[in-house]
Each structure stands twice: as C-alpha cells, then as structure tokens.
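In: attaching a predicted model along with its sequence, questions to come.
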Amino acid sequence: MKKLPRARGERYYALLLRLYPKRFRQRFEQQMLDVFREQRVDAKYAGIFGSVRFWWDMVWDLLVALPDAQRRYSKVTIWEASVDGMLRDLKFAVRMLVKAPGFTVMAVLTLAIGIGSTAAIFGVVNSVLLKPLPYGDSDEVVTVWSSWVGFPKTWVSVSEYRAWLNNAPSFDDLSLYYSTSANFSSTENPERVNAVSATENLMEVLQVPMAQGRFFTTEEALRADTLPSDVIVISHQAWTRRYGSDPGIVGRSVEVNGRGRVVVGVLPADFRLPVDFGTASVPDLYFPAWIDRSDVVSFPSGGGSHGSFVVGRLRPGSTVESAKRDLDNIVARLEAEQGAYPAERNFAPLVYSAKDDILGTIRPAILALLGTVVFVLLIACANVANLLLTRSQGRQGEIAVRAALGAGRWRIVRQMLTESMLLAALGGGLGIALAFVSVEIFKGLNPGNLPRIDEVSIDGAVLGFSALVTVATAILFGALPALRSGRSNLHANLGRRSERGVVTRRSRRDGAWYLRVDRRGGQGTRKGRGWPHRDPRKRRGRLIRWPLHRWPCTSARSPSNRSRASCSRTASSTSRLESNESPVSSATTPTQCSTMSTSTWRASRTRAS
C-alpha cells in the first residue's frame, strides 16, 4: 500500500520529533503523529488564534517531555555511566564530610601540613638539584682547581692554565677568568659593582647565547692586554636596574672607572659563573682579558701566582676521571723535567663537574631534608587513616543498609575511596597554598650557602609532583578503611539496629529479601520480648518467611506512591502478625491489586523442626 504524503504541519511536527532519541521515536513516533492529527481537527483549535494555540500546546508538550525521554531512552555509554556514578559518589562524599565538620577539618589540616611541607621541599630539590645548569650540555662543563698543603681547594695560575690547555687531550677548550671590581662613574648615578675579566672564549666554553649583542672578540681581548679596555659586557640585572631594559643599550657608551666604554653585549637573566651560584650578588661588568694560548716553555716554580678560575668543556667521550688523569700526568712531567712543584708542597690539580662543584655538600643535606618531610607525610597519612577507621565504626549500620539495598562490596569500597580522595584533594589544595607561602619565606631568609636560591619556585613540575603525592596519599590512608568497610558483616550490623525484624539472607534463586518475625514473642528482636539474647536466624519455630521485593501497583501513578503503598501494606501485615493473626489471612490478597504477581505475595509458615 502506497504511503500517503504528510501535510506540511505534520512534516514540521515530525521534524520536531527528531529532538527525541531514536529508540523513543521507533516506539512512539507513529502514536504521537496520530495524536497530532486528532488534536489538529479539534474544534477548539479552529481559526488563526486556534492554530497559534495548537502549535503552542504541541511544542510546549514536546519540550516538557524531552528531558525525561532523553534520560530514559538515550543510549548510555560505559564512560557516561562511570562518570555519572563518580559524580554521585562525589556528591555523597561532600554531604558526609559536611555532616562531620570536626573530622573533616582535622583530617584536611593534617594532610595539608604533610603535603605542603613535601611540596615546598621538593620545590627546593627541583630547583637546586634536578634542574640543569644554565649552560649548553651542562654535564660536559667542568671546573679546574689546584690544591697543596694548607689549601685543599684554591685558584689556578696562568701558567697552569696554558699547560692544561695545550697538553690535556680530555678538554675540548678551557677559559680563564678572575674577579675584580669597577665603578659606574656617571655623575647621575655612580655605583661600585663586582666585575670579571675573562678570556674571549668564555661564552663558547659555556655555550650560553647572549641576551643582547655579543661577547668579546680576540682582537678586543688582545688590545686590552696593552691598553685599557674600551668595550664592556653588562649583566642582565645591571641592564634592567640602571638602563630600564633599554633595547638600544648595545653600542651605547657608558662611563666606567672614569672612562667611556662601549657596551657590546648583555648577558642572559639567569646567567651565573660557576663560582657565583653560592653568592647573593653576581658581577655586573665583564672586561676582556688576553691570555697567550701557547704552551709555557719555562714553567715557573710552584706554578706561579694562583689567582684565577678555570672552567672547561670535556671532549665527547671524555670523563672527569680521564681529565684528572691527564692533569696528573702533566704535573708529573713538569716535576720531572723542570722541578716545577716541590715535593713538600704536595701539589695536585682538581677537576669537578660543574654541578658537583656548585652543590658541594648541599646535596646530601637537601636529600636528608626531603626524606624528613616524606616521613612527616607518612605520619600524617597514618593519623588520617586512624581517624577514618574510627569513623567507619560508627557507619557500620549505614554501610549494612546500603549492602542490603543491593550495593556490592566494590561499590562500597569505591564510595569510601571517593571520600578519601576528596579529603586528599582538599588537603592537597591547602597544602600547595602553604607551599607557596613557605617557599617565599624560605627565600626571604636567604641562606647564603644554598646555591640557586633565587630560582626556587612552585612551578609545573612541583604541582605535578604534588598531584601525584595527593593521589598516593589518598590511596595510602584510604585503602585500609575502605577495604574494612567493604567486608562489613551485613547480618550482624542490621541485627543490632533492627527492632521489628532482621533481613537474614538474599535469595539467589529469585532475588527476594525475606523478613523473619517471631509470632511467639510478638515483638521480633526487641529486647525484653521474644528472643532478647539469640540470633533470630537460629530460631526456627513459628517464623514467617516473607518476601519484600517489588510490590508494584499500576494504580499508583508514581514510584514514590508505589513505595508508600508498599510500606503501608508491609506495616499493616506486620502489625497483624504481632497480634498472632494468620499470615495468609492478614496479608493483602492478589485480588486487591489485579496487576500484582501472585508469586510476589506468597507467604509461607515455617514449621518447627
């Protein structure tokens, strides 16, 4: 049979029905279109105003029923169901914590102290120990020192620098620098600052790009060997402090030590020489220094005057140990050939990786401090776990009721873990705030022997670590209480709290819950009557086994009304049982509600054994 075309209004209505889920339309679309046709010819919708009223009623009804239809007939994915379950768990956890403010405040503060202290110290560890130095391939950067009797670690002489540079194959290059001081001698803002004179290859050895301009050239360094230098490089701090980060500073002449000098470059903001990491101030001025790179022909006794720092870069494949062996061989040769180092001085060269040289003895102290705060965090977890265990004892009845209503063990454990995660999240958030404050206080104290103190901060790495600590903390203190709650004894907990009856078991055959009532005592398990000291499950005489599941009635128009009707029938039947009436005659018969299942209303009398 050929399908007749729809009228224009009916087509519009069918388009509106597309808002509903597909399963709903497959089941009810044709019926709704039939209702649309019947309503359209109704006399009250005649005329122009009637048409407007008709469409208003149709659209309004569709929109009102739409949320319920989407909820009932939309296909719910596993992900959506999981998210919905987690949101319900979270809402319930919030309600439970709000109901116990004393417990919540105590647990959150305890966790905040543990997580906050751990985050703050990890911020120090991350900035001082874990972050690489501001040099290119910083693991290959080394520092070279000298030592002899009375001076376990001291400077290097120019002659030694030249000998190391030309005879140690483990080094790719070496640079020498020494400290001095200078004056910004302008009449507007004179200032005395720390300064450094360095060889022209310093930035190449450290592989540090300039923020502005360039470093010195070989010609500029050579000219500075005979004449006062007419070029300088300034630090980023001096550029910001004195010149307001003027981008035109390169090429500008500034007065230093009473002489005009041209600024050829500005160093990066985070640049420090290896010897400057343990100090609060950095050099603001850099001058070129000329050092002859050829080998020393006549080595001075004792190596000459020691007053310079040496920093180098290892060749690929070389190590600190191989560089140390090279320098020891050079010293042995100089002693044998020229008697450069008297035996009584016990001279020896020293080679350190730049990071080890900068950190020195600070590394074990910081790691020990980190271990201490982790131990404090574990103590906090133990305290909160004890609080949760104590609190769970008072919630056994609640857990037993949830289990009686069908919640499985994993469902209860998940709810308890959700509460633990919420506590940990609150404690972690407050702990991170405490960490920010603690770090600023720590930097304000400015311990002079802690390198890179100005770089300590709560950055993304610290926040990520804090999040991991928060999750681990929640699992650590919440796992045991959650598992204990999941193993709650359903029968014992409900038996202690029931007055009229005890839910004794769930039938695996038909999923029914049974209520056992003592007809002899008349008052079930209430103390003073019937069985005051015995488990009702062990009493077999004159017990009624009574199913309590799914008592629907189509005459009730809502689930809430059906529940009230079921509860009313249960209370009425139970009161008759207490009056020693026959359970069959006192129970509501199936004919009173024709839509009820006969099996739902069966009641049997358990005979005494």
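Out: Perfect, thanks for sending it.
In: what about residue 470, which helix or strand?
Out: helix 460-486 (DSSP states H and E).
In: mind listing what's buried along that helix?
Out: Going by neighbour count (16 or more other CB atoms under 10 Å), the buried part of helix 460-486 is 462, 465-466, 469-470, 473-474, 476-478, 481-482, 484-486. Every C-beta, even on glycine, is put in place using the N, C-alpha and C of the backbone.
In: among those residues, name the least confidently predicted one.
Out: Looking at those by pLDDT, the weakest one is residue 486, with 59.
In: returning to that earlier point: of all the buried residues of helix 460-486, which comes closest to residue 431?
Out: Lowest distance from residue 431 to the buried residues of helix 460-486 (CB to CB) belongs to residue 466, with 7.1 Å.
In: show me where pLDDT drops low in the stretch 451-600 of the chain?
Out: Under the criterion pLDDT under 70, the flagged ranges of the stretch 451-600 of the chain are 485-600.
In: show me what the lengthiest helix in the chain is packed against.
Out: Using DSSP state H, we find that the single longest helix of the chain is helix 409-445. Helices and strands touching helix 409-445, by 3 or more CB pairs under 8 Å, 6 or more residues apart in numbering; DSSP states H and E, are helix 78-99, helix 101-125, helix 362-393, helix 396-404, helix 460-486.
In: follow-up on the earlier one: and the helix holding residue 470, what does it pack onto?
Out: Helix 460-486 packs on helix 101-125, helix 362-393, helix 409-445, going by 3+ CB pairs under 8 Å, 6+ apart.
In: how about stretch 327-347: buried residues?
Out: Buried residues in stretch 327-347, counted by 16+ other CB under 10 Å: 327, 330-331, 334, 340-341, 347.
In: now it - C-alpha only, CSV.
Out: Listed next in CSV are the C-alpha coordinates belonging to stretch 327-347 (Å, rounded to 0.1, in the frame of the first residue of the first chain):
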residue,chain,number,x,y,z
LEU,A,327,96.4,16.8,34.6
ASP,A,328,98.2,14.4,37.0
ASN,A,329,100.4,13.3,34.1
ILE,A,330,101.2,16.9,33.2
VAL,A,331,102.2,17.7,36.7
ALA,A,332,104.4,14.6,37.0
ARG,A,333,106.2,15.6,33.7
LEU,A,334,106.7,19.2,34.9
GLU,A,335,108.1,18.0,38.2
ALA,A,336,110.5,15.5,36.4
GLU,A,337,111.6,17.9,33.7
GLN,A,338,111.7,21.3,35.4
GLY,A,339,111.2,20.6,39.1
ALA,A,340,108.2,22.9,39.0
TYR,A,341,106.4,21.6,42.1
PRO,A,342,108.5,20.8,45.3
ALA,A,343,107.5,17.5,46.8
GLU,A,344,106.8,19.0,50.2
ARG,A,345,104.0,21.2,48.8
ASN,A,346,102.1,18.0,47.7
PHE,A,347,100.6,19.9,44.7
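In: is residue 287 part of a helix or strand, or is it coil?
Out: Judged by DSSP: H, G, I helix; E, B strand; the rest coil, the three-state class of residue 287 is strand.
In: and the helix holding residue 470 with helix 362-393, angle?
Out: 30 degrees (axes from the mean of the first three to the mean of the last three CA atoms, to 10 degrees).
In: tilt between helix 460-486 and helix 101-125?
Out: Angle of helix 460-486 versus helix 101-125, following the same axes, to 10 degrees, is 140 degrees.
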